[in-house]
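Student: how would this look folded up:
(one chain, ligands or ions: 1)
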Amino acid sequence: MSFPPPTKKKIQLTFEDVVIKTIPQQRKCCKKGPVEQSKVILNNVSGAVKPGQFLAIIGASGAGKTTLLNYLSGRQISQNLDKQGKITVNGVERSQMKGFSALSAYVQQDDILFQTMTVRECLEFAAKLKYKGTLQQQLQRVDDIIKELRLNKCQNTKIGGPLIKGVSGGERKRCSIGVELITDPSLIFLDEPTTGLDSFTATSVCETLGELAASGRTVISTIHQPNSDIFEIFDQLMLLAQGKIIYFNKASLAVDHFAGLGDKFRCPELSNPADHFMTIMSIESHEVEEDLEGDRGVRKTPAQIQEEYSERIKYFHDSYQKSPLKNDHKSAYPGIEPIADSDVSQNHVGWCYQLGLLLKRNFLNTLRLPQTSYVKLIVTIITAIFTIILFQNCDGTIQGVQNRNGALFFMTMTIAFNSIQNIILIFPDERPVFLREVNNNMYSVSAYFFGKVIAELPASLLTPIIYGCIVYYAIGLSTVFAWKFPLYLALMVLIYSAAGSYALIISTLFADKQLAVTLTPVLIIPFMLFAGFFVNQNNIPIWLIEFQYLSFFKYGYQALMLNEYTDLQLECMNPPADKLYEKCDPLGDFDSPQTLGESAIALGAMYIGCYCLALICMKLLSRKYD
Ligand SMILES: Nc1ncnc2c1ncn2[C@@H]1O[C@H](COP(=O)(O)OP(=O)(O)OP(=O)(O)O)[C@@H](O)[C@H]1O
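Tutor: Purely as a prediction, here's the structure:
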């Protein structure tokens, strides 16, 4: 099935004299000049891609393909790179244009989709947030995309992942492309769309890209190792080596162009032209050639091989510059018109609508991955049983008081770490999806954030309540007043929430979940030491004393102690005359500068404060585009 012509204006993307190089790092503390030389990644790259063209960018690893694609698409380039050059869209400088993203789409190399959603749900989610029109039109758009991308058979199959069996690699890639096609962009960028796919599936994905281009869209893609069938599909071919263009014109003319540069660059008959170009463009193959030569004569040093390789690339580059095939970026595609403001208007849905869709997705995700909830429940029950075994029947003797104190601290610690463990992976796991969607203007960072917080509420309430209900009476905590038990549960919920809010900050700051998990104990345990259980608070060094006010362990433990011992008469407080107990005063010995109410307020304030901080971190870290 072929695609209908784009509903938006056709696009010619022109780039002139693009130079991207690294900014040399200055030596710290002293100004003795740069430590390293600036490295040129893209060297004076110019060209134009016109409507109806499918441009494939091919080059050896490190040639600069991804850097060029990112620069052309307007994605953020690292801060340590200096960028120069002019990019125009239908004759208008892109830097002067508003809403370029409304006309273009970028399909990332990895398929970043929600594993629990079906193909149709992924497309509907994108359509409801991005496609301008009524709900009926949005659903119609989804139906069209499903047909055009041949996703009918798998439309109700889940995307799948490590825990769920899902669609095939090719279907997943098509779904990723479909999500980006929802807004009907006229310009489509793709980063290595065939990576990880078998030859047949890769060819079929490229056929789809060819069809998209044939419908009048402009398609630009980096491609890794295309087979000869895929090579046939390319309309335009750009060969990049050492950051220079060595060929940029019709793919079908490339073989003859290189044959004209010397017999050694002629593509052998019946070989895949793409493989041949990769061979003559890469330093590794040049090294092999030199090794073979070396076996027959004098071996060359690596520096000589590098120099010869650079000369070869310069020869290709100079020949291309002089060739009549040099891409003519000055000519304009007939009928191309400047982009008007009305062409780039985007669909804006309200914050509450975004939140509603995100909440629905989060709850569906939890329901469709029940294993995670079961594991959390089992862990909670096991730790509760463990608590009971250790601290059962805390009586009124001095030993009983010691056990009771230990039990209260153990509960604070257990529920806090349970929360940290549950929250720490929430964000790193979803970070790629979040970054893709938020940078595609699908929703605001705050809508995503509150969607996550609200979706976590059931776990934040149920986990401490289940744990508390199991252990409270079993270990014999105070029953002198009926309100002590519900107050205890409320405090456990507060401790769980405050600890989780700390973990949320850590999880937003670290992109790598392994790093987040590894660093968590180091970042959390110091707060535990200030709780007043291990070290009396009067013994904390003066320069560390302020840290105790940031410890949710301190306020949590303090509040549980005050709740437990206030008005509780124990045997050891007034020992019977016939028993040789020492008199004890659990609260007198415990240093609690704050009251129970103040401790609860401190926990609540930490929860709110940390969530605000996590939201700010998330907003700052979500900026990925220029
Ligand atoms: N931010 C950066 N700082 C320093 N060097 C960089 C930076 N980004 C890219 N480079 C370097 O620029 C060169 C081109 O990188 P790029 O990722 O564009 O290559 P590529 O052709 O896409 O390679 P691959 O096919 O392996 O992904 C590489 O040598 C890379 O190390």
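
Student: can you give me the pLDDT of residue 578?
Tutor: Residue 578 carries a pLDDT value of 68.

Student: also the one 5 residues further on?
Tutor: On pLDDT, residue 583 comes in at 70.

Student: likewise residue 599?
Tutor: pLDDT, residue 599: 90.

Student: that one contacts residue 559, correct?
Tutor: Yes: between residue 599 and residue 559 there is a contact under C-beta atoms under 8 Å: 3.9 Å. All C-beta spots, glycine's among them, are computed from the backbone N, C-alpha and C.

Student: neighbour-wise, which of these two wins?
Tutor: residue 559 (30 against 25; other C-beta atoms under 10 Å).

Student: can you pull the pLDDT of that one?
Tutor: Looking at residue 559, its pLDDT reads 92.

Student: with residue 533 instead?
Tutor: Note for residue 533: predicted pLDDT of 66.

Student: same check, this time on the one 4 residues further on
Tutor: Looking at residue 537, its pLDDT reads 64.

Student: other SSEs contacting the one helix or strand residue 495 maps to?
Tutor: Assigned by DSSP states H and E, residue 495 belongs to helix 484-509. In terms of contacts (3 or more C-beta pairs under 8 Å, 6 or more residues apart in numbering; DSSP states H and E), helix 484-509 is packed against helix 398-424, helix 426-439, helix 445-471, helix 513-529, helix 552-565, helix 596-621.

Student: buried ones in that helix?
Tutor: Neighbour counts over helix 484-509 (16 or more other C-beta atoms under 10 Å) mark 484-485, 487-509 as buried.

Student: of those residues, list those near the ligand.
Tutor: With C-beta under 6 Å from any ligand atom as the criterion, those include none near the ligand.

Student: backbone dihedrals for the residue lying closest to residue 282 once chain neighbours are set aside, please?
Tutor: When the adjacent residues along the chain are set aside, residue 282 lies closest to residue 60, with 3.9 Å between them (C-beta to C-beta, 6 or more residues apart in numbering). Per-residue torsions, residue 60: phi -70, psi 170 (degrees, to the nearest 10).

Student: I figured residue 60 hits residue 277, correct?
Tutor: No: taking contacts as C-beta under 8 Å, residue 60 lies outside contact range of residue 277: 9.7 Å.

Student: out of the two, which sits in the busier spot?
Tutor: residue 277 (25 against 19).

Student: name the nearest residue to that one, sequence neighbours excluded.
Tutor: Per C-beta to C-beta, 6+ apart, closest to residue 277 is residue 239, 5.6 Å.

Student: neighbours around the one you found, how many?
Tutor: 27.

Student: give me the three-state assignment for it.
Tutor: Put simply, residue 239 is strand when judged by DSSP: H, G, I helix; E, B strand; the rest coil.

Student: I'd like the distance between it and the ligand.
Tutor: Distance from residue 239 to the ligand, counting by C-beta to the nearest ligand atom, to the nearest Å: 11 Å.

Student: now swap in residue 337 and tell me
Tutor: From residue 337 to the ligand the distance is 32 Å (C-beta to the nearest ligand atom).

Student: before we move on, what about residue 365?
Tutor: 31 Å.

Student: go through the one helix or strand that residue maps to and flag the buried ones.
Tutor: Secondary structure from DSSP H and E places residue 365 in helix 351-368. Residues 354, 355, 357, 358, 359, 361, 362, 364, 365, 366, 368 are the ones in helix 351-368 that count as buried (16+ other C-beta under 10 Å).

Student: give the contact list for the residue nearest to residue 282.
Tutor: 241, 278, 281, 282, 283, 284 (C-beta atoms under 8 Å, 6 or more residues apart in numbering).

Student: could you do residue 120 as well?
Tutor: Applying C-beta under 8 Å, 6+ apart, the residues near residue 120 are 142, 146, 155, 156.

Student: rerun that using 10 Å as the cut-off
Tutor: By C-beta atoms under 10 Å, 6 or more residues apart in numbering, residue 120 lies in contact with 139, 142, 143, 145, 146, 151, 154, 155, 156, 157, 175, 178.

Student: what does residue 404 give?
Tutor: 391, 394-396, 475-478, 561, 564-565, 568, 570, 586.

Student: that older thread, between the contacts of residue 60, which has the most around it?
Tutor: Highest neighbour count within the contacts of residue 60: residue 241, with 27 neighbours (other C-beta under 10 Å).

Student: isn't that residue up against residue 281?
Tutor: Yes: judged on C-beta atoms under 10 Å, residue 241 makes contact with residue 281 at a distance of 4.5 Å.

Student: which neighbours do those two share?
Tutor: 58, 59, 60, 63, 247, 309, 312, 313, 316.

Student: would CSV of these with distance to residue 349, secondary structure and pLDDT be doable?
Tutor: Formatted as CSV, these follow (distance: C-beta to C-beta, whole Å; DSSP: H, G, I helix; E, B strand; the rest coil; pLDDT from 0 to 100):
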residue, distance to residue 349, secondary structure, pLDDT
58, 39, strand, 93
59, 40, strand, 90
60, 44, coil, 86
63, 41, coil, 88
247, 45, strand, 94
309, 53, helix, 84
312, 54, helix, 89
313, 49, helix, 90
316, 50, helix, 91
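
Student: closest to the ligand out of the residues you listed?
Tutor: residue 63 (4.1 Å; C-beta to the nearest ligand atom).

Student: nearest residue to that closest one in space, please, no chain neighbours.
Tutor: residue 240 (4.4 Å).

Student: and for the one you found, the neighbour number?
Tutor: Using other C-beta under 10 Å: residue 240 sits among 26 other residues.

Student: likewise for residue 99?
Tutor: Counted with other C-beta under 10 Å, residues neighbouring residue 99 total 14.

Student: I figured residue 452 was touching residue 431, is that so?
Tutor: No: contact criterion C-beta under 10 Å: residue 452 and residue 431 do not qualify, at 11.7 Å.

Student: would you mind measuring from the residue nearest to the spatial centre of the chain to the ligand?
Tutor: Residue closest to the average C-alpha location in the chain (C-alpha atoms, centre = their mean): residue 432, at 2.1 Å. The gap separating residue 432 from the ligand is 17 Å, by C-beta to the nearest ligand atom.

Student: begin at 440, not 1, for the rest of this chat.
Tutor: With the count now opening at 440, the last piece we talked about shows up as residue 871.

Student: so what's that residue up against?
Tutor: Contacts of residue 871 (C-beta under 10 Å, 6+ apart): 547, 549, 550, 551, 552, 950.

Student: model confidence score at it, please.
Tutor: In this prediction, residue 871 has a pLDDT value of 87.

Student: cool, residue 963 as well?
Tutor: So residue 963 comes in at 81 (pLDDT).

Student: same deal with the one 3 residues further on?
Tutor: With respect to pLDDT, residue 966 scores 77.

Student: what residues does the nearest residue to residue 705 once chain neighbours are set aside make contact with?
Tutor: Leaving out its chain neighbours, the residue that sits closest to residue 705 by C-beta to C-beta, 6+ apart is residue 698, at 4.3 Å. The neighbourhood of residue 698, defined by C-beta under 10 Å, 6+ apart, consists of 704, 705, 706.

Student: just confirm the last one is within a helix.
Tutor: Meaning residue 706. No: assigned with three-state DSSP, residue 706 falls outside any helix and is coil.
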